[in-house]
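Quick one, what's the 3D model for this:
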Amino acid sequence: QVQLVESGGGLVQAGGSLRLSCAASTSGRTFSRYTMGWFRQAPGKEREFVAAINWSNGLANYADSVKGRFSISRDNAKNTVYLQTSDLIPEDTAVYYCAATIGGAATTNSGYGYWGQGTQVTVSS
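Numbering: from 1, shown residues only. As a prediction, this is how the structure comes out:
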């Protein structure tokens, strides 16, 4: 069982940056065994993959739309995963969700079994 709580969202001007955090509480398996992902959902759109970081080798995957602007990282000692965003554009406006999986497909919604409640990111032009 995993509980995830996101924070760090807010209102930012285009070109700005935010660091999103996701704190995990786990029972059973340790946090370090989970592949962690970030997804986002804009109004009227489906939830989409943003970034993921593998549990075993720390390799990261990114959606093409955020490559070079966003960076995912994790601190296993703090049971926390981060999403550093930069050069934000209005199209990045969405609710950002943190998710955890063991063995699931890292870039798909269906690959994750645990989700946070989300944090709102709004980018003004």
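
Next, name the residue at the spatial heart of this protein.
Closest residue to the average C-alpha location of the chain: W38 at 2.1 Å, with C-alpha atoms, centre = their mean.

Bridge partners for that one, pull those for me.
A51, C98 (DSSP bridges).

quick one: it and C98 touch, right?
Yes: here W38 reaches C98: they are 6.1 Å apart, a contact under C-beta atoms under 8 Å. Any C-beta I mention is one placed from the backbone N, CA and C, and that applies to glycine too.

and for these two, which residues touch both?
20, 22, 81 (C-beta atoms under 8 Å, 6 or more residues apart in numbering).

who wins for most neighbours among those?
V81 (29 neighbours; other C-beta atoms under 10 Å).

isn't that one right up against I72?
Yes: at 6.8 Å, V81 and I72 qualify as touching, with contact defined as C-beta under 8 Å.

Need the overlap of contacts for the two.
With C-beta under 8 Å, 6+ apart, V81 and I72 have common neighbours 36, 38, 53.

for those, which one is nearest S125?
Nearest to S125 among the shared contacts of V81 and I72: W38, at 22.9 Å, using C-beta to C-beta.

Could you tell me which residues within stretch 5-23 count as buried?
Neighbour-count burial for stretch 5-23 flags 6, 8-9, 12, 18, 20-23 (criterion: 16 or more other C-beta atoms under 10 Å).

go on, stretch 36-47?
36-40, 47.

Now do the buried residues in stretch 66-74.
Applying 16+ other C-beta under 10 Å to stretch 66-74 flags 66, 70-72, 74 as buried.

What of stretch 102-121?
Neighbour-count burial for stretch 102-121, counted by 16+ other C-beta under 10 Å, picks out 104, 106-107, 109, 111-112, 114-116, 118-119, 121.

returning to what we had before: need the buried residues of stretch 36-47 in TSV (columns: distance to T93 and pLDDT).
Formatted as TSV, the buried residues of stretch 36-47 follow (distance: C-beta to C-beta, whole Å; pLDDT from 0 to 100):
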residue	distance to T93	pLDDT
M36	22	97
G37	19	97
W38	15	98
F39	14	98
R40	9	98
R47	14	97
